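> predicted model, plus sequence, below.
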Amino acid sequence: MAIPTAEGARGGVPIEPEAWTSYGYDNQLTNSIATRALTLRSAPRLSPVWSTQLDGAVYASPLAAKVDGRGLVFAATEAGSVYAVDSGTGQIVWQRMLGVVQTVECGTWGITSTGAIDLERGLLFEISADGLLHALALATGDEAPGYPIALVTNNHYEYVWGGLRIANERLYVVVASYCDVGPPGGPMPEGRLFAVSLESPAKPAGWDPVPGEGNLGGMWGWGGVSIDPTDGRVFTGVGNSSVWSEDCACYVDNAGYGDSIVALTPDISSVLDSNNPPTVPSTEDSDFGAAPLLFQPEACPPLAAMNNKDGALYVWDRTRLSAGPVLRIPLGDGLAAFVGAPSWSAAKQMVYVGQSVIREGGRTLGNGVTAWHVDPGCGFRPIWSASFGTGSQATPLVVGNVVFATGGKTGGFFAVNAGDGSPLWSFPTAGLTVAAMISVAGAVYGADTAGVLYAFEPTRGPSSCFWRCLPAFRSRP
């Protein structure tokens, strides 16, 4: 089953997706869908249908698919488990425990990466902390023949944060580290990008963004890579290098493709284009800890947008990366890592940037979403801003005329009018909400660090609790 893109839904009948197969919904990471069920009138009536307690914190985005006529929601936890849950009842259908890794310097880790669903093969791909790539049957959780594959062997120092992605008959896997720490006196972790052939998975191709051993260059973005829909080019954002430079007598962050946006051939054998913006400091750990959003506004060239830890959103003409960014918008505070990803509504010609620092009247209200209209001539015009909490927050979810956001450290799920940011609904949670929300078949799903997976649907009656349930922090530019 092909996943329709949000852009493909424009001008036609809205398509209610039956599956959400990877981080960001489509391979361009738009995180945007059309809908008939979730509207400005129905969103305030969202109510919890069920909540299911899992065995650990959830940072990975849930996924969903219809399997043998039954809707399933899939979630992975930091306790190292993968779950399949009945989308109608919240009942656990199966659980597969893949284990955790206890590191010396960086704590205990399970699964942070969002998996990828292969609908044709009926498989859910997940990578566990021990670096094993698993292919689990959607219906049962059983391991497919030939799996697991040992992909990341230095698994006490190297780790997969970014989401897995299926495109070009390959599964793409980005590798970073737990916390940029290597063994005492030993080399630093190695960042890499793997392309695993779905037909011959035993011999994956690899790309090292910073040539040499033990010099970082991790790819951290929650979305992993994004794929150009016209030619299959692979886009990724690279974190900092750790390479000694005699020029400054220091370790620099931008050796090789460190701190760069990169476009590669589908088989990742060749770099086609790249850019390391001159505004990104070379020695201050200001790197791209995000993945590129690919989008095509009207009367603009094809664009790519990505957050940097310096607190800015960078935008490029993705056909001319080496020419440098066409736009830099400061949105973070330069202190908290600005590692989220923007989303794109083709219907509204608007970009929504999560984890923006929201200010009003000279004071900081917290972190939230800023909305930008892409005008003719490719100018980005601020439309609205809204604060939902503090700390790391998920990529905004665009569902028709509604934007869903998470509260980060303060928890909670929120819905606002996509056009003007006016509040529609909120729901408090006990845990932090960092995992990206999804919407399938007219329902909305989210998870928190207390290990609870939630399902919401609109009720028929009047809303009993929406924005007034939590304090509102809303402002306009």
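Received it, and whenever you're ready, just let me know what you need. Residues are numbered from 1 along each chain as shown.
> not counting its neighbours along the chain, what's nearest residue 298?
Closest residue to residue 298 in three dimensions, ignoring its sequence neighbours and counting by Cβ to Cβ, 6 or more residues apart in numbering: residue 349, at 6.3 Å. Glycine gets a C-beta too; all of them are placed from N, C-alpha and C.
> likewise for residue 310?
If the residues on either side of it in the chain are set aside, residue 310 comes closest to residue 286, at 4.0 Å by Cβ to Cβ, 6+ apart.
> state the pLDDT value of the residue nearest to residue 298.
According to the predicted model, the pLDDT of residue 349 comes to 98.
> for residue 259, give me its contacts.
Listed by Cβ atoms under 8 Å, 6 or more residues apart in numbering, the contact set of residue 259 reads 238-241, 253, 276-277, 280, 282, 286-288.
> list just the nearest of these to residue 323.
Proximity of those to residue 323 (Cβ to Cβ) peaks at residue 277, which lies at 11.0 Å.
> the closest residue to the closest one other than its chain neighbours: what's it in contact with?
Distances taken as Cβ to Cβ, 6+ apart place residue 325 nearest to residue 277, at 5.4 Å, with adjacent residues excluded. Contact criterion Cβ under 8 Å, 6+ apart gives 275, 277, 314-316 as the residues in contact with residue 325.
> just residue 352 next, same as before
Neighbouring residues of residue 352 by Cβ under 8 Å, 6+ apart: 342-345, 369-372, 396, 398, 403, 418.
> give me the buried positions along stretch 149-160.
Taking 16 or more other Cβ atoms under 10 Å as the neighbour-count basis, stretch 149-160 is seen to contain the buried residues 149, 151-152, 154-160.
> repeat for stretch 194-212
If you call a residue buried by 16+ other Cβ under 10 Å, then stretch 194-212 has these buried ones: 194-196, 198, 201, 204, 207-210.
> what's the most distant pair in those?
With Cβ to Cβ as the measure, no two of those lie farther apart than 198 and 210, at 27.7 Å.
> report how many residues lie close to residue 364.
Neighbour count for residue 364, taken as other Cβ atoms under 10 Å: 12.
> and residue 90, that one's in a helix?
No: according to DSSP: H, G, I helix; E, B strand; the rest coil, the state of residue 90 is coil, so it is not within a helix.
> confidence score at it?
Here, the pLDDT recorded for residue 90 equals 98.
> next up, the contacts around it.
Per Cβ under 8 Å, 6+ apart, neighbours of residue 90: 49-52, 453, 455.
> and what of residue 142?
Contact criterion Cβ under 8 Å, 6+ apart gives residue 136 as the residues in contact with residue 142.
> does residue 179 touch residue 156 like I think?
No: checked against Cβ atoms under 8 Å, the pair residue 179 and residue 156 is beyond contact range at 11.7 Å.
> residue 278 touches residue 324, doesn't it?
Yes: in this structure residue 278 lies within contact range of residue 324 using Cβ under 8 Å: 7.4 Å.
> ok, the two, which is more surrounded?
Under the criterion of other Cβ under 10 Å, the comparison of residue 278 against residue 324 puts residue 324 first, with 15 against 10.
> just to check, that one is in contact with residue 275?
Yes: when contacts are counted by Cβ under 8 Å, residue 324 is listed as touching residue 275 (5.8 Å).
> need the residues touching each of the two.
When contacts are counted by Cβ under 8 Å, 6+ apart, residue 324 and residue 275 have residue 316 as shared neighbours.
> follow-up on the earlier one: nearest to residue 300 among the contacts of residue 325?
Closest approach between the contacts of residue 325 and residue 300, by Cβ to Cβ: residue 315, at 9.8 Å.
> spatially nearest residue to that closest one (excluding sequence neighbours)?
Take residue 315 and drop its neighbours on the chain: the residue closest to it by Cβ to Cβ, 6+ apart is residue 327, 4.1 Å away.
> quick one, what contacts that neighbour?
Contacts for residue 327 were tallied using Cβ under 8 Å, 6+ apart; they are 313-315, 378, 380.
> next one: residue 251
Residue 251 makes contact with 242-245, 283, according to Cβ under 8 Å, 6+ apart.
> and the residue nearest to residue 310, what does it touch?
Applying Cβ under 8 Å, 6+ apart, we find residue 286 in contact with 240, 253, 259, 280, 308-310, 334.
> go again using 7 Å as the cut-off
Contacts of residue 286 were listed using Cβ atoms under 7 Å, 6 or more residues apart in numbering, and they are 280, 308-310.
> again with residue 375
Taking Cβ under 7 Å, 6+ apart as the definition of contact, the neighbours of residue 375 are residue 381.
> do residue 220 as well
Contacts for residue 220 (Cβ under 7 Å, 6+ apart) come out as 161-162, 176, 239, 289, 339.
> rebuild those as JSON lines, extending it with neighbour count and pLDDT.
Compiled in JSON lines, those are given as follows (neighbours: other Cβ atoms under 10 Å; pLDDT from 0 to 100):
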{"residue": "161", "neighbour count": "24", "pLDDT": "97"}
{"residue": "162", "neighbour count": "29", "pLDDT": "97"}
{"residue": "176", "neighbour count": "25", "pLDDT": "97"}
{"residue": "239", "neighbour count": "30", "pLDDT": "94"}
{"residue": "289", "neighbour count": "26", "pLDDT": "90"}
{"residue": "339", "neighbour count": "22", "pLDDT": "86"}
